[in-house]
Structure formats: C-alpha cells, structure tokens
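# Output the structure for:
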Amino acid sequence: MSTLIREKLLEQFDALPDDLQHRVWNFVQALAPSLPKGVPGTQLLRFAGDIPTGDWHLMWEAIEAGCERVDDS
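Numbering: from 1, shown residues only. Model (predicted):
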C-alpha cells in the first residue's frame, strides 16, 4: 500500500467516533483469514535451478496435454 493511501486511511480512521473505529477494526479482522497464506518469493529462491531441464519439459508437455480439457468423471 502506498504511503499516501495509508496516511489518508489513518486520517479518516482517526476522525471516526470510537464505535465506528471498532466496526472498522472488526471488519479488518474478518478479512484477515481470507488473505492467502504463503511465504515470500525470496525464501523460495534457494530452490531455483533444482528441477532438471528434462523434467521441466515433461511437466510442460503434461500441462499442455491436460489443459483445456474437461474431466467429466
């Protein structure tokens, strides 16, 4: 989030009465579980280059062969 948006958000939040600040807080907390979980990409860099090129080609072919098909079973 940009600094400008954060500043404007805090300005408006601070201007709200206490009961509305609590409502905003409850809303933000309700959103938190819906955020995707994961790790930063920088933590995954250590795996870069670990998959052999031949395996990449096999995976690519499997993806190409299986995409755009409907499995109606």
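
# Off-centre distance for the helix or strand that residue 55 is a member of?
Element membership for residue 55, per DSSP states H and E: helix 53-66. Using C-alpha atoms, centre = their mean, to the nearest Å, the mean C-alpha position of helix 53-66 is found 26 Å from that of the whole chain.

# could you list every residue that touches the residue nearest the centre of the chain?
The geometric centre of the chain, computed from its C-alpha atoms, lies nearest to residue 36 (C-alpha atoms, centre = their mean), at 4.5 Å. Counting by C-beta atoms under 8 Å, 6 or more residues apart in numbering, residue 36 makes contact with nothing. The way it works is simple: take the backbone N, C-alpha and C, and place the C-beta from them, glycine included.

# The helix or strand hosting residue 8 packs against which elements?
Per DSSP H and E: residue 8 is located in helix 3-15. The contact analysis (3 or more C-beta pairs under 8 Å, 6 or more residues apart in numbering; DSSP states H and E) places helix 3-15 against no helix or strand.

# Heading C-terminal from the one helix or strand residue 29 maps to, find the next helix or strand.
Element membership for residue 29, per DSSP H and E: helix 18-31. Where DSSP H and E defines the elements, the next helix or strand beyond helix 18-31 is helix 41-44.

# hmm, who's touching that next one?
The contact list for helix 41-44, computed with C-beta under 8 Å, 6+ apart, is empty.

# when you give positions from now on, start the count at 252
Yep, numbering from 252; the last one is helix 292-295 now.

# chain center to that helix, what's the gap?
Distance, centroid of helix 292-295 to centroid of chain: 14 Å (C-alpha atoms, centre = their mean).

# what is the mean pLDDT for it?
The pLDDT scores in helix 292-295 average 89.

# Alpha carbons of it, as CSV, please.
Extracted in CSV, the C-alpha atoms of helix 292-295 (Å, rounded to 0.1, in the frame of the first residue of the first chain):
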residue,chain,number,x,y,z
GLY,A,292,9.4,-15.4,-3.0
THR,A,293,12.8,-14.6,-1.6
GLN,A,294,12.5,-17.6,0.6
LEU,A,295,11.9,-19.8,-2.5
